[in-house]
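**Q** have a look; sequence and predicted model below, questions after that.
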Amino acid sequence: MQQGEGPDAAFDRHTRSGCNPANYKAVHNKRKCPVPRCQEKLNTTNIYRCKQCQVEVCLKHRLPADHKCQRQPSRPAPAPAKPKQQPNPSSPLARSTKAVSTLEPASASHGLVPTTMSTCHSQLEGCPFCGLQLDDSVALVRHCETMHKFVQGYVSVH
């Protein structure tokens, strides 16, 4: 309220300023950090979920000792990953891989790197058919177009 203004006039001014009564809870009921005496309002930029107890606290209380972490019992160990399945020997991909694996890699003048070289750079691209490591994706596409041609779902080798 402004000085000399009545409560009715103040409320009228407030409602004309764009106040939406249906939005009251969203505006006034912000989540706060659950640590005693901490009044920090939690939002997307200052919230932290504890990895041990899964409680959401402010960044000041992110350490387990700061929010009196009550660790939950340890979770059961995750199930082991399924072993990678080998392709069916009668599938077209398995036949093409077997046929291509006997080939010698192409020359290094076309941007190709033999598979025996160490792959110290993570930039190398691998051919999905013969495993040849190439220094960029353009060379990989060129290699696949020239060395592996698709004919009715099968890979033929040139």
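**A** Happy to help now that I have it.
**Q** all strands of the chain, in order?
**A** Along the chain, the stretches classed as strands by DSSP state E are 47-49, 56-58, 112-113, 125-126, 133-134, 148-151, 154-157.
**Q** mean pLDDT for the ones you listed: which is lowest?
**A** When those are ranked by mean pLDDT, strand 112-113 comes last with a mean of 47.
**Q** now this structure, which segments are flagged as low pLDDT?
**A** Screening the chain residue by residue with the criterion pLDDT under 70, one finds the ranges 1, 72-123, 149-158.
**Q** all helices in it, in order from the N-terminus.
**A** Residue ranges of the helices in the chain, as given by DSSP state H, are 7-16, 24-28, 92-100, 137-147.
**Q** what residues sit buried inside the first one?
**A** Spelled out, it's helix 7-16. For helix 7-16, the buried set under the neighbour-count rule, 16 or more other CB atoms under 10 Å, is empty. All C-beta atoms are positioned from the backbone trio N, CA, C, and that covers glycine.
**Q** extract the CA atoms of that helix and return them as PDB.
**A** Output of helix 7-16 as PDB, limited to C-alpha atoms (Å, rounded to 0.1, in the frame of the first residue of the first chain):
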ATOM      1  CA  PRO A   7      -6.800  -1.100   1.200                       C
ATOM      2  CA  ASP A   8      -9.500  -1.300  -1.500                       C
ATOM      3  CA  ALA A   9      -7.600   1.100  -3.800                       C
ATOM      4  CA  ALA A  10      -4.400  -0.900  -3.200                       C
ATOM      5  CA  PHE A  11      -6.100  -4.200  -4.000                       C
ATOM      6  CA  ASP A  12      -7.700  -2.700  -7.100                       C
ATOM      7  CA  ARG A  13      -4.300  -1.400  -8.300                       C
ATOM      8  CA  HIS A  14      -2.800  -4.800  -7.700                       C
ATOM      9  CA  THR A  15      -5.400  -6.700  -9.600                       C
ATOM     10  CA  ARG A  16      -5.200  -4.300 -12.600                       C
END
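**Q** kind regards, and thank you for your time.
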